[in-house]
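Chemist: model the following, please.
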Amino acid sequence: MKNPHYRTVGLVGEGQFGKVYAAIVRETGELVALKELNPQKFSTKRFLREIRILLKLEHPNIIRCYGVTHSGDKRYLVTEYCEGGNLRDLITKNQTISLLQKLKIIIDILDGLHHAHSEGIIHRDLKPENILLSVIPQGWKAKISDFGVAKIEREDTNGSVGDTGSPAYMAPEQFYGKYCYASDIYATGVILYELLVGDRPFTGSPYEIMLGHLNRPPLLPKNIPPSLRLILRQALQKLPQHRFRTALEMKGEILKATIQLEDSGVSIYENLAFRQLSLNLIQQNNLQEKVNFITTKYQVIYMASDKKVVAKTCVFSLRKKLFDFCFKSLYLFERPVRNLTVLEDGCLVAAGGDKFPYFDFYYCHGQKCQILGIKTSDLRYGVATDCSWLAVSKIEHEEEGFRLINLKKLAPVIPLIKEFIPKQIIGLDRRHGVVIYTQDNINKDYTYFRFFNRRGTWYDTYTVFVPLTGVVFHSRESRAFLAREKQTNNMILIKFYPFLVQRIPLSFYADYYFPLDDSFCCVNRDGKIALVGLDGEAMGESKIEIVDTVKSAAPLLEDKIVLLGEKDGQQKLLVYEVKIPVDATGSKRIVSLEEYRITKGG
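Modeler: Got it, this is the predicted structure:
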């Protein structure tokens, strides 16, 4: 889509009435959603009604509408963008969110409904697909969207059956073309039922679903707490006058139920269940000298000691079924090695920080070449994959900020930027990088991603509404990043173009994580290992017992990883093959957290 005011950055989804794009406002850089509406399926009258309704509503739990734009013969509704997907995405995840989180989402929906109803608007099509989510530290914030079939109460309250919502969530009266505020209460009850039970109260063909809503009471499993069974029973009454009178009344009963329930609310998720990973130890090598950390690039492994880096080439011997670690290069430094970044050819080593806040950078490719020195309070930098530029947090004239340096000319590309202090900088390729930072004066829980090119031009800024640490980049899947959510065991998967944020729970705190071919691998010091898929699912967990502690970890060819471990004071280099086993039925085995703790001693 070509538009002078918006730049599209990805297709978010496609629905019954058209496509939804993520777009950036050219003038402000703000991220918005552009909802393309097919005029053959979505009439002009309906389009104008949705605009009129959305512009009338302003509430934290309702998607904001910014207006309308056109491109050629197509028209687009410009709305607030939600990076957390929709409620259907969350329901279909392998991991189940806690009861308290489910109730929080319903409360958000009821708050939004209360505001819409107070403005005389009936939604008529509430369903998980129309509940959009933002990821926040406490879980998720839900926002009601898609008012395409909504009605204003003072308008004619009769309508055609085909224009009244989705059968699985429709109130009985909607099948007769009638609706009222209580119709939205009923739909919210169906969503609550699905969150609690895992399925809708009535399923089957559209005709069977209709008969269920009209004639059969919903089955309420006994494992649902009594207070919530009462709420469901009232919300799902066949006659509107027997349901809750208002969304606010239903919210009040849910708040009472949360107080009665014995739920500490500490965890966002219920008992975790995950696939059991297969860990095949290929080999282990005792190390003769102490190594502080390791990193890899394809078949080359770099082992960093206090003032030394050794590079070795990993060659797999078909005859011995083992890797031979062949010596390649040795680099010696006068000051302690603090960090090492692998490049297309060789690596960039940062050394120093032992006595003064000063670091030297060396390009190592067969020979060691000192590039420059940087004064900084903390070592935060990113480098181009061809070592043509360096972005760094730098102190100049007692002021710290972001500096981009052309390494070929050893000259600054842009003046020192002092409006933020980078928490992390990542070089994405030869031309692009990203700065990750926070701004406590705005919100200490927000994490910002700001993209730049080698010429120092900023082009996109994204906000993640949770505090993050240790962001890593999947170089083979250039739109995927993984970070750890602060003070939790949760990982956060972030994708750009379009922007998507997903929370992934683990049973342990990941100390190291890095990309594999089609996933991320997470490892902790105790030897627990997990795989996280690029679709946002936890693919499995396991634990190694061969060492007391893991000091570093890195990828090594396809589905293999290399660990720097220690057992009784002896350092070992361990190579594992990591796979998800398939049982006799052809499915991947799921193991509960309790079983994992018993069988693995975790």
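
Chemist: may I have the secondary structure class of residue 187?
Modeler: Here residue 187 takes the helix state, with states given by DSSP: H, G, I helix; E, B strand; the rest coil.

Chemist: show me the contacts for it.
Modeler: By C-beta atoms under 8 Å, 6 or more residues apart in numbering, the contact set of residue 187 is 123, 125-127, 165, 169-171. C-beta: built from backbone N, CA, C; applies to glycine.

Chemist: the residue nearest to the spatial centre of the chain bridge partners, please.
Modeler: Among the residues of the chain, the one closest to the centroid is residue 502, at 2.4 Å (C-alpha atoms, centre = their mean). Bridge pairing for residue 502 (DSSP bridges) gives the partners residue 493.

Chemist: distance of it from residue 492?
Modeler: Residue 502 sits 7 Å away from residue 492, going by C-beta to C-beta, to the nearest Å.

Chemist: now residue 523
Modeler: Distance from residue 523 to residue 492, by C-beta to C-beta: 17 Å.

Chemist: with residue 409 instead?
Modeler: Residue 409 is 37 Å from residue 492, by C-beta to C-beta.

Chemist: more neighbours, those two?
Modeler: residue 492 (24 against 10; other C-beta atoms under 10 Å).

Chemist: dump the residue contacts of the more buried one.
Modeler: With C-beta under 8 Å, 6+ apart, residue 492 has these contacts: 135, 464, 466, 468, 482-485, 501-504.

Chemist: could you name the helices and strands sitting against the strand or helix carrying residue 368?
Modeler: Following DSSP states H and E, one finds residue 368 within strand 367-375. Packing contacts for strand 367-375, counted by 3 or more C-beta pairs under 8 Å, 6 or more residues apart in numbering; DSSP states H and E, involve strand 347-352, strand 358-365, strand 389-396.

Chemist: try it again at 6 Å.
Modeler: strand 358-365, strand 389-396 (3 or more C-beta pairs under 6 Å, 6 or more residues apart in numbering; DSSP states H and E).

Chemist: quick check: angle from the first one to strand 347-352?
Modeler: Which is strand 358-365. 160 degrees (axes from the mean of the first three to the mean of the last three C-alpha atoms, to 10 degrees).

Chemist: going forward, count from 124.
Modeler: I'll keep to 124 as the first residue from here, and by that count the last item is strand 481-488.

Chemist: tell me which strands strand 481-488 pairs with, and in which orientation.
Modeler: Next to strand 481-488 in the sheet, as set by DSSP bridges, lie strand 470-475 (antiparallel), strand 490-498 (antiparallel).

Chemist: winner for burial among those strands?
Modeler: strand 470-475 (a mean of 23; mean count of other C-beta atoms under 10 Å).

Chemist: relative orientation of it and strand 512-519 in degrees?
Modeler: 10 degrees.

Chemist: following the strand holding residue 491, which helix or strand comes up?
Modeler: Next element after strand 490-498 (DSSP H and E): strand 504-506.

Chemist: how far does that following strand sit from its chain's centre?
Modeler: With C-alpha atoms, centre = their mean, to the nearest Å as the basis, strand 504-506 stands 23 Å off its chain's centre.

Chemist: now stretch 487-496
Modeler: Worked out by C-alpha atoms, centre = their mean, stretch 487-496 lies 37 Å from the chain centre.

Chemist: cool, stretch 691-708 as well?
Modeler: Centroid displacement of stretch 691-708 relative to its chain, using C-alpha atoms, centre = their mean, is 27 Å.

Chemist: tell me the contacts of the closest residue to residue 485 other than its chain neighbours?
Modeler: Ranked by C-beta to C-beta, 6 or more residues apart in numbering and with sequence neighbours excluded, the top spatial neighbour of residue 485 is residue 472, at 4.6 Å. Neighbour list for residue 472: 463, 485, 487 [criterion: C-beta atoms under 6 Å, 6 or more residues apart in numbering].

Chemist: quick check: bridge partners of the last one?
Modeler: What it means is residue 487. residue 470, residue 491.

Chemist: now swap in the first one and tell me
Modeler: Partner residues in beta bridges with residue 463, using DSSP bridges, are residue 472.

Chemist: which ones are touching it?
Modeler: Here residue 463 is in contact with 418, 425, 427, 470, 472 (C-beta under 6 Å, 6+ apart).

Chemist: likewise the last one?
Modeler: The contact partners of residue 487, by C-beta under 6 Å, 6+ apart, come to 454, 469-470, 472.

Chemist: save these as CSV, and put in distance to residue 695 and pLDDT too.
Modeler: Converted to CSV, those look like this (distance: C-beta to C-beta, whole Å; pLDDT from 0 to 100):
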residue, distance to residue 695, pLDDT
454, 23, 96
469, 27, 93
470, 23, 96
472, 24, 97
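
Chemist: out of the residues you listed, which comes closest to residue 518?
Modeler: Set against residue 518, the nearest of the contacts of residue 487 by C-beta to C-beta is residue 472 (20.6 Å).

Chemist: quick check, residue 381 in a strand?
Modeler: No: counting by three-state DSSP, residue 381 is not part of a strand but helix.
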